[in-house]
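In: this one's sequence-less:
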């Protein structure tokens with residue numbers, strides 16, 4: 001029978017690390033956003049689904065530990081190691097979430113050095129993981145009397161329409177400036193450097209409707225908060241925001257005010 005130390009050592013050897021020197025920066029919608037002082041330290045060993053967004057504690061010489069002894073731990077900052085694996089799901093109650101998390105690829109130094117890009121194209125290549133993603137959202141919203149699913153350009157256009165069809169709601173695209181052909185209403189939001197706008201067709205939604213706002217990822221929350229303001233300006237009730245991925249260190253939830261946020265992977 002394997003000792004606890006042997007099991008810990010085996011678990012650690014299954015994690016592949018890429019010795020890339022990176023900064024704590026992420027890339028989303030043309031923005032480079034930075035985590036200045038990550039403080040969270042995980043006391044569990046990294047597993048197959050662990051993404052090293054914060055400093056972690058890993059085993060050091062666990063194979064040599066005596067029976068019944070706790071393995072020695074040391075802290076490795078994210079700036080020193082980047083896991084080749086994917087982000088750990090924040091909720092393991094549903095086994096489908098682990099599959100979704102493992103299908104998401106994180107690419108260091110894209111589109112420029114120091115940036116970690118959250119790539120969902122690999123999720124889309126996995127029919128089961130993609131279906132599970134849509135199913136989890138549909139199961140949550142099918143009985144919430146939602147009449148509008150508002151998808152944020154561009155990857156919100158991937159997840160929003162199948163959710164809307166499944167729950168019997170209309171899909172409303174929320175686009176960048178000069179992309180919609182008709183009369184539009186717009187809302188400005190701030191970027192790391194400068195500002196941008198999000199737009200929606202006039203008449204696409206009606207006062208009193210209930211809306212779900214969908215995007216692939218929440219980082220700083222600027223785009224989602226602009227989408228909420230835009231819908232509320234015309235009298236729509238925003239029930240919730242839904243994203244596949246959250247980068248919690250960037251505190252995007254705080255910009256949403258009292259609007260709830262539902263995510264699958266963080």
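Out: Happy to help now that I have it. Here the structure is a predicted model, which is why all the values come from computation and not from measurement.

In: Distance of residue 204 relative to residue 225?
Out: 19 Å (CB to CB, to the nearest Å). No exception for glycine: its C-beta is placed from N, CA and C like everyone else's.

In: meant to ask about residue 145, not that
Out: The value you get for residue 145 to residue 225, if CB to CB is used, is 23 Å.

In: the more surrounded of these two?
Out: residue 225 (22 against 12; other CB atoms under 10 Å).

In: where's that one, which helix or strand?
Out: helix 222-233 (DSSP states H and E).

In: Mind giving me the packing neighbours of that helix?
Out: The contact analysis (3 or more CB pairs under 8 Å, 6 or more residues apart in numbering; DSSP states H and E) places helix 222-233 against strand 148-152, strand 184-190, strand 195-201, strand 210-218, strand 237-246.

In: could you redo the last one with a cut-off of 10 Å?
Out: Judged by 3 or more CB pairs under 10 Å, 6 or more residues apart in numbering; DSSP states H and E, the packing partners of helix 222-233 are strand 31-34, strand 148-152, helix 156-167, strand 170-174, strand 184-190, strand 195-201, strand 210-218, strand 237-246.

In: Which one of the ones you listed lies nearest to residue 105?
Out: Shortest separation from residue 105 across the helices and strands packed on helix 222-233 is recorded for strand 237-246, at 11.5 Å, computed as CB to CB.

In: who does the closest one pair up with?
Out: According to DSSP bridges, strand 237-246 forms sheet pairs with strand 210-218 (parallel), strand 261-265 (parallel).

In: Run the angle between the longest one and strand 170-174 for me.
Out: If I follow you right, that is strand 210-218. On the basis of axes from the mean of the first three to the mean of the last three CA atoms, to 10 degrees, strand 210-218 is oriented at 50 degrees to strand 170-174.

In: got it, and the last one?
Out: Orientation check (the same axes, to 10 degrees): strand 261-265 against strand 170-174 gives 90 degrees.

In: for strand 261-265, which positions count as buried?
Out: Buried positions in strand 261-265, judged by neighbour count with 16 or more other CB atoms under 10 Å: 261, 263, 264, 265.

In: Could you give the average pLDDT over that strand?
Out: Mean per-residue pLDDT for strand 261-265: 98.

In: Tell me what residue 172 is bridged to.
Out: On the basis of DSSP bridges, residue 172 is bridged to residue 150.

In: if we can go back for a sec, from the buried residues of strand 261-265, pick the one nearest residue 96.
Out: Lowest distance from residue 96 to the buried residues of strand 261-265 (CB to CB) belongs to residue 264, with 8.8 Å.

In: and that closest one, what does it touch?
Out: Residues in contact with residue 264 (CB atoms under 10 Å, 6 or more residues apart in numbering) are 89-91, 94, 96-97, 100-101, 104, 132-133, 136-137, 242-246.
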